[in-house]
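J.: please work out how this folds:
(4 chains)
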Protein chains: 4
Amino acid sequence: MIVVIQCKDQVGLVAGITGVLAKEQLNIVSLREHVDKIENRFFIRVHLEQDTDPQQLEMKLKQVLPAAAMITVNPMPEKKIVVMVTKEYHCLGDILIRNYFKTLGAQVQCVIGNHDTLQNICQRFDIPFYLVSHEQKDKEAFEAQARQMIDKHAPDYIVLAKFMRILSPGFVAHYTGRIINIHHSFLPAFVGASPYRQAFERGVKLIGATAHFVTNELDEGPIIAQQIIPVTHSHTAADMMKAGKEIETAVLAKALQIVFEDRVLVYKNKTVVFE
Amino acid sequence: MIVVIQCKDQVGLVAGITGVLAKEQLNIVSLREHVDKIENRFFIRVHLEQDTDPQQLEMKLKQVLPAAAMITVNPMPEKKIVVMVTKEYHCLGDILIRNYFKTLGAQVQCVIGNHDTLQNICQRFDIPFYLVSHEQKDKEAFEAQARQMIDKHAPDYIVLAKFMRILSPGFVAHYTGRIINIHHSFLPAFVGASPYRQAFERGVKLIGATAHFVTNELDEGPIIAQQIIPVTHSHTAADMMKAGKEIETAVLAKALQIVFEDRVLVYKNKTVVFE
Amino acid sequence: MIVVIQCKDQVGLVAGITGVLAKEQLNIVSLREHVDKIENRFFIRVHLEQDTDPQQLEMKLKQVLPAAAMITVNPMPEKKIVVMVTKEYHCLGDILIRNYFKTLGAQVQCVIGNHDTLQNICQRFDIPFYLVSHEQKDKEAFEAQARQMIDKHAPDYIVLAKFMRILSPGFVAHYTGRIINIHHSFLPAFVGASPYRQAFERGVKLIGATAHFVTNELDEGPIIAQQIIPVTHSHTAADMMKAGKEIETAVLAKALQIVFEDRVLVYKNKTVVFE
Amino acid sequence: MIVVIQCKDQVGLVAGITGVLAKEQLNIVSLREHVDKIENRFFIRVHLEQDTDPQQLEMKLKQVLPAAAMITVNPMPEKKIVVMVTKEYHCLGDILIRNYFKTLGAQVQCVIGNHDTLQNICQRFDIPFYLVSHEQKDKEAFEAQARQMIDKHAPDYIVLAKFMRILSPGFVAHYTGRIINIHHSFLPAFVGASPYRQAFERGVKLIGATAHFVTNELDEGPIIAQQIIPVTHSHTAADMMKAGKEIETAVLAKALQIVFEDRVLVYKNKTVVFE
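T.: Next up, the predicted model:
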């Protein structure tokens, strides 16, 4: 069982928390703790050997924590996700394969595409695919339709697996802290459109990918994971894009894994990642 | 202040330890804990905001820990080291520069070489250099002379910075857990002599370096840090050696940093590294 | 069009080759050349902007090259491959996805498994899956059956995507230089069985994967690509295996890409890789 | 001997160049060629086994090349450099050690500092240190004094080893293509001041360093080499700066090595690096 807590920092928090756990005879397999001294914020993730009643444990933990503490006691259930895509297959393909072999750490409920390019691959895996075209309707209508599909499946997270449209503040607010995006650059370099074109023109020697939670600032949400690969003068912009897809896939896979294992805590615009 | 503890695992250890710290009003900046379930062994490193009397704290901690617990309460003093070298300069040069600018996390007491090649560079930094030649004497006599030099300086650690002679079991036993070596391969590949020659002949695409504690099994001691760099068909064995020196320097520097910051705990033939 | 040549080294080879190309008005997009001074062996890969008749060009090139030169003039056709598997899905899944979206650089003709675990995923992609069980028959009979299936499809390469049985010298000799394997360690560390178990017990800080051509020496064939990822004390052997699968997938994908693009030249037990 | 050429692309360039070399009985050890199709620009680096008269070879090569071709025939002499610093020691220390042991590939003529912090370390290596303070004078006067010192030593390159002042267009123009800077971020992320502070506030998971030629656009010159290291939530801005120094040192060392070996060709705002 996993316990994740964040709250205002004060002396004695770890003692209080682990005291409760010891009294319950719960053995700690691993414990990771972090204090952000600037924000005076305390973060902890405890992996317990045994399971117990989550609500009772949460109540007991509350008694040793500050009033506004955020406590998640999670008996390691599988998350539910909805995936949004446009035309590129590499991230979705990876997710579908892991989902099919039950190593994703989540269950894909459905895929929503604004093009039908990836419909067939979803069908091959018996995953519902909803085409929600953005054409001939305004953003509001488009997002309303997408939200309807999403909410029907009540996902824990929405994964933007190369979904190439910018979502409105209203949409993002509706799913605060639950939308994960893969951006095809080493943020904050090359914010916005055509990062590989930008990277090619700048003549960089490394290209990157960034998985992050989506907020209302474009490409500015809390970063979950980043990775790079070397490129050379012999890479055209198209070669960079092709090479980049490999790390986009890898970075998104990594980010999903650590999020689904409750290893990522968000505070303001940053993440604490207990790997 | 840093507190490092290892002992047999049991329920309530973290609660007990952090309870003591809370009672002393010592605030935890960071806490890293690990339980080796196979060995049933508990490891913890706590970074405290305040300093306190180390012996008193150790006594209080003992009361909540199993009898054989190993406790180090370390008010972050600078370690003292002796460096042993042969002819290659790259690791020693890096250590001397960091030592000179006081960012090594340790004080170099002296350098012992079995050749005089690196005498001049030590003199330029006002570091005593002792030539202890291995020629025309047996290993016992050689090591006796080296030990005399070392023990005069009472170092916390002995760093083999490309020291190219194998030390006897007696020598190693005298400094158990205190000798750090840099091996010029990605152990356990290419144990023993001429690893770059071996790597070249095998046609590998990566070469590595390994920093480890020295035990009586050649190149078999607990690994502290490892790193690799890519090589290609265009690397000759000499090119690999040249490229390898860069990571040897980097890996040894990294290993020394984490050891000197009390982040490396050893149990049997493995390390727990709380970075 | 790609031209790949290897032969004994001598003065004037590049001049001779590029002279022929210039006379044919073929523009060089990129040229990579390597001379192995120890073996006195010359390797070259030329990427030409235009296509031309391959046989005529080969004949003209022969006139400026030593008698035993190996010349491949390849108008960039897609390779055909057969994939052999056991039970693990990660490499096969990646190959099937790329194959489906036509970015593998080869066409998967069929998959041969000695278990039926991966039959269903192949069917979902309309790829023929042949179950060739190794049970209740000797190696000779097993391999005869596999060879029959393979030869029916006349593949350019046979990809062992976590195929967990050792092939006989006879089988390997039949497909000399055409069998590609992914080994789950950073060779030559941890040759043979259970490399993650070995890595765990050694307490390494990096684990690796190696793609190589198969020869009759176990895990000793020419290395095509290698990669590593960091691990820590908190990784169990099972965690290492899980983390390892990610790089096994990535390294095999990389190796296949460069082999299928005719970037890998083999001589004796090494590869020259013109990336 | 190394021959480096860049010119407008056309059919037959490699044939022409290697024809000249073959006629001179010069054996090619390695040849790297690149054509930038967008710029229609041809780049080549040839490593020859033998030496010959550079001027005669250059003349013969001119006859097979377009009129404006840039030809460098370099009998591998050691470059001369001047290093400019402010207060940080890590890059300079690395350069001085390599220079002392004659593995830098260049000779340090002198060090110019706008503070005297690094004077002593230079003296220990018998390298002239000139204090050119920027205080109580305008940029023009400061740079005039620096230029006088530099020009006295006629360096091939000026290395800004954490020199923390922005140089004027006039200064840069005077040494076009000969000033190498190490920037403490993964450009183009975090251009300008305090990149580690910016990186910390953005919550990135990787930090980088970039070595580049200096032009009049701040941090916009042709990139020579880049590298990154992972960071976590537990890194303060100060920790990031400390970790960053390690890669700044490594990236600058790498960049200097490849520049001094004539592996870096510059065209417009990009480099071609023949490693």
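J.: domain assignment for chain A?
T.: When chain A is parsed with automatic domain parsing, its domains come out as A:2-74, A:79-273.
J.: so which of those domains is nearest chain C?
T.: Checking the domains of chain A against chain C by C-beta to the nearest C-beta gives domain A:79-273 as the closest, at 3.8 Å. The C-beta positions use only the backbone N, C-alpha and C, and glycine is treated the same way.
J.: in terms of helices and strands, where is A:Gln25?
T.: Taking DSSP states H and E as the definition, one finds A:Gln25 inside no helix or strand.
J.: quick one: it and B:Val11 touch, right?
T.: Yes - at 5.9 Å, A:Gln25 counts as touching B:Val11 under the criterion of C-beta atoms under 8 Å.
J.: who's more crowded, the two?
T.: The residue with more neighbours, out of A:Gln25 and B:Val11, is B:Val11; 17 against 10, by other C-beta atoms under 10 Å in any protein chain shown.
J.: shaky segments in chain A?
T.: Chain A contains residues with pLDDT under 70 at A:76, A:218.
J.: return the residues of it in contact with chain D.
T.: Within chain A, the positions lying close to chain D (C-beta under 8 Å from any C-beta of the partner chain) are A:34, A:36-37, A:186-190, A:202-206, A:208, A:222-228, A:232-234, A:236, A:269-273.
J.: could you pull out the strands for the stretch 101-250 of chain A?
T.: Using DSSP state E, counting those that start in this stretch, the strands of the stretch 101-250 of chain A run over A:106-113, A:129-131, A:157-160, A:179-183, A:206-213, A:223-230.
J.: residues making contact with the second one?
T.: Translated: strand A:129-131. Residues from elsewhere that reach strand A:129-131 (C-beta atoms under 8 Å, 6 or more residues apart in numbering or on different chains): A:110-116, A:118-119, A:122-123, A:149.
J.: now A:Leu187: closest residue in space, sequence neighbours ignored.
T.: A:Thr210 (4.2 Å; C-beta to C-beta, 6 or more residues apart in numbering or on different chains).
J.: which of the contacts of strand A:129-131 has the largest number of neighbours?
T.: The most crowded member of those, judged by other C-beta under 10 Å, is A:Val111 (26 neighbours).
J.: close to chain C: what parts of the stretch 101-250 of chain A are there?
T.: Close to chain C, as judged by C-beta under 8 Å from any C-beta, the stretch 101-250 of chain A has residues A:101, A:121, A:124-125, A:234, A:246, A:250.
J.: neighbour count added to those residues, as TSV?
T.: Listed next are those as TSV, based on neighbours: other C-beta atoms under 10 Å in any protein chain shown:
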residue	neighbour count
A:Phe101	15
A:Ile121	21
A:Arg124	17
A:Phe125	18
A:Ser234	17
A:Glu246	17
A:Ala250	23
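J.: nearest to C:Ile179 among those residues?
T.: Nearest to C:Ile179 among these is A:Glu246, at 24.2 Å by C-beta to C-beta.
J.: picking that back up, quick one: closest of the domains of chain A to D:Met59.
T.: Closest to D:Met59 of the domains of chain A is domain A:79-273 (C-beta to C-beta; 28.6 Å).
J.: OK, contacts around A:Asp116?
T.: So A:Asp116 contacts A:129, A:131 (C-beta under 8 Å, 6+ apart).
J.: hang on, I meant A:Met241
T.: Applying C-beta under 8 Å, 6+ apart, the residues near A:Met241 are A:184, A:196.
J.: please report phi then psi for A:Val264.
T.: phi -110, psi 120 (degrees, to the nearest 10).
J.: kindly apply the preceding question to A:Lys254 instead.
T.: Torsion angles at A:Lys254 (phi, psi; degrees, to the nearest 10) stand at phi -60, psi -50.
J.: number of residues surrounding it?
T.: Residues lying near A:Lys254 (other C-beta under 10 Å) number 19.
J.: could you measure from the closest residue to it other than its chain neighbours over to D:Ile258?
T.: Nearest non-adjacent residue to A:Lys254, counting by C-beta to C-beta, 6+ apart: A:Ala225, 4.9 Å away. Look at A:Ala225 and D:Ile258: by C-beta to C-beta, to the nearest Å, they are 30 Å apart.
J.: what about the helices in the stretch 101-250 of chain A?
T.: In the stretch 101-250 of chain A, the helices defined using DSSP state H, counting those that start in this stretch lie at A:119-124, A:139-153, A:169-174, A:195-202, A:237-260.
J.: which positions in the third one come out as buried?
T.: So that's helix A:169-174. A:171-172, A:174 (16 or more other C-beta atoms under 10 Å in any protein chain shown).
J.: now swap in the second one and tell me
T.: Residues of helix A:139-153 classed as buried under the neighbour-count rule (16+ other C-beta under 10 Å) are A:142-143, A:145-147, A:149-150, A:153.
J.: also the fourth one?
T.: Of the residues in helix A:195-202, those buried by neighbour count under the rule 16+ other C-beta under 10 Å are A:195-196, A:198-200, A:202.
J.: quick check: closest non-adjacent residue to A:Phe200.
T.: Using C-beta to C-beta, 6+ apart, the closest residue to A:Phe200 is A:Ala237 (3.9 Å).
J.: and for that neighbour, the neighbour number?
T.: Neighbour count of A:Ala237, defined by other C-beta under 10 Å: 15.
J.: OK, contacts around it?
T.: Residues in contact with A:Ala237 (C-beta under 8 Å, 6+ apart) are A:196-197, A:199-201.
J.: comparing the strands of the stretch 101-250 of chain A, which comes out most buried?
T.: strand A:206-213 (a mean of 26; mean count of other C-beta atoms under 10 Å in any protein chain shown).
J.: could you give the angle of it to strand D:206-213?
T.: 150 degrees (axes from the mean of the first three to the mean of the last three C-alpha atoms, to 10 degrees).
J.: which residues does the residue in the stretch 1-150 of chain A that chain D sits nearest to bridge with?
T.: Chain D sits closest to A:His34 of the stretch 1-150 of chain A, with a gap of 6.0 Å, by C-beta to the nearest C-beta. Per DSSP bridges, the residues bridged to A:His34 are A:Phe43, B:Ser30.
J.: right, and A:Gly221 touches A:Phe213 too?
T.: Yes - at 4.4 Å, A:Gly221 counts as touching A:Phe213 under the criterion of C-beta under 8 Å.
J.: overlap in contacts, the two.
T.: Common contact partners of A:Gly221 and A:Phe213 (C-beta under 8 Å, 6+ apart): A:Asn181.
J.: turn the contacts of strand A:129-131 into JSON lines, including distance to A:Met164.
T.: Converted to JSON lines, those look like this (distance: C-beta to C-beta, whole Å):
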{"residue": "A:Cys110", "distance to A:Met164": "19"}
{"residue": "A:Val111", "distance to A:Met164": "15"}
{"residue": "A:Ile112", "distance to A:Met164": "13"}
{"residue": "A:Gly113", "distance to A:Met164": "11"}
{"residue": "A:Asn114", "distance to A:Met164": "8"}
{"residue": "A:His115", "distance to A:Met164": "9"}
{"residue": "A:Asp116", "distance to A:Met164": "15"}
{"residue": "A:Leu118", "distance to A:Met164": "12"}
{"residue": "A:Gln119", "distance to A:Met164": "16"}
{"residue": "A:Cys122", "distance to A:Met164": "17"}
{"residue": "A:Gln123", "distance to A:Met164": "22"}
{"residue": "A:Met149", "distance to A:Met164": "18"}
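J.: list the contacts for the residue nearest to the spatial centre of chain A?
T.: By C-alpha atoms, centre = their mean, chain A has its centre lying nearest to A:Ile180, at 4.0 Å. Contact analysis of A:Ile180 by C-beta under 8 Å, 6+ apart lists A:157-160, A:211-214, A:224, A:252, A:255-256, A:259.
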